[in-house]
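Undergrad: Predicted model follows, preceded by the sequence.
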Amino acid sequence: MFKSPILLLTFKRPFETKKVLKQILSIKPQTLYIFQDGAKTNFKKRDSELYEKTSRLIQKYQKFKCIKYFKFKENIGQRFLAKKVLDIVFKKEKEIIFLEDDTFPEKSFFKFCSLMLKKYEKNKNIYHISGCNLYDGTMHKKINNKSFLFSKYPQFWGWATWKNKWNKFYEAEISDWRKNKKKFLNLFQNHKDERRFFEFYVENNSKGKHIGWDIPWIYKLILKKKLTVISGTNSIKNIGFTSDPSGKGAQKFRNLKSSNLQFPLKIENSITSNSTYDDFLYKSFYHRKNIAVRIRDKIKKILKN
């Protein structure tokens, strides 16, 4: 029996939910929390059908004693959903492994997270664990021969964290943005387009305009210089793009290769951010061109089509 608690967040992807759920159950978890946000009032007929199909699917699996199913009556929405579900989970658990309905894990993902949760529980510099290695998944090669590395960027396709660390820093509203804006943006002196990226998304998130729940956590961990443990082998594949894509930028990584991490682990003893990995993520995702370049590129795209 797998002892570390697992959380599955779903909404209206019944086919993907079934795949991920079956994979989780194959490792015989002791505790599996399943959360489904409430239906939106403006759902179209197809959305309502998929939502209800997802609900019925989960209800069929409630014969498994490990499952604790929470279905919200009202739609909480992306901005506050992570805080809501983890507030509930962390009333009973001190750690959690977090999956969404479109993130399909290799079986090694669970063991890796469990080992890292134990290994770095008391480490004051590490706040996040990720089974998703975008470098390995897209480049099809490893940065080094170690089983894991460290990054300044937390990633959310299959991740884990601790109650005390999450509760210490996470705040959906980012109410300290005005106070810390200059300090935070000064961390990106070498890359103006990275600075532009974070200023745009954190600013809009603090105003409720960009509603992703991941931005507040990314902002706070970078601000506080906390690290993420990244699996050396990519063990997560996103399977949700074809049915209900969300996050346009993330579509760059829709064809990730995934495989099982080998054990025993080859330990990385130097707890410092890996510059090769961080540079790859910066160039692949965490940058925003200036407005003149964006307009030029948009015109080119229109003319090409």
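TA: Done, it's in. Just so it is clear, the model here is predicted, and its values are computed rather than measured.
Undergrad: Tyr282 against His191, yeah?
TA: Yes - using C-beta atoms under 8 Å, Tyr282 is in contact with His191, at 6.4 Å. Quick note: C-beta positions are derived from backbone N, CA and C, even for glycine.
Undergrad: Tell me which of those two has more neighbours.
TA: Per other C-beta atoms under 10 Å, whichever of Tyr282 and His191 has more neighbours is Tyr282, with 18 against 15.
Undergrad: What's the separation between the residue nearest to Leu8 when sequence neighbours are not counted and Asn75?
TA: Excluding the flanking residues, the one nearest Leu8 by C-beta to C-beta, 6 or more residues apart in numbering is Ile34, at 4.9 Å. Separation of Ile34 from Asn75 (C-beta to C-beta, to the nearest Å) stands at 17 Å.
Undergrad: Which one of the two is surrounded by more residues?
TA: Ranked by neighbour count (other C-beta under 10 Å), Ile34 and Asn75 place Ile34 first, with 22 against 15.
Undergrad: which ones are touching the more buried one?
TA: Ile34 sits next to Leu7, Leu8, Thr10, Leu21, Ile58, Ile67, Lys68, Tyr69, Phe70 when contact means C-beta atoms under 8 Å, 6 or more residues apart in numbering.
Undergrad: now those: which count as buried?
TA: Leu7, Leu8, Thr10, Leu21, Ile58, Ile67, Lys68, Tyr69 (16 or more other C-beta atoms under 10 Å).
Undergrad: follow-up on the earlier one: which one of the contacts of Ile34 is nearest Lys182?
TA: Leu7 (35.5 Å; C-beta to C-beta).
Undergrad: ok, Asn133 - how many residues close by?
TA: Neighbour count of Asn133, defined by other C-beta under 10 Å: 27.
Undergrad: first to last residue in stretch 35-54, what's the distance?
TA: Length of stretch 35-54, first residue to last, C-alpha to C-alpha, to the nearest Å: 11 Å.
Undergrad: quick one: contacts of it?
TA: Residues outside stretch 35-54 that contact it (C-beta under 8 Å, 6+ apart): 7-14, 17, 55, 58, 69-77, 81, 85, 88, 101, 244.
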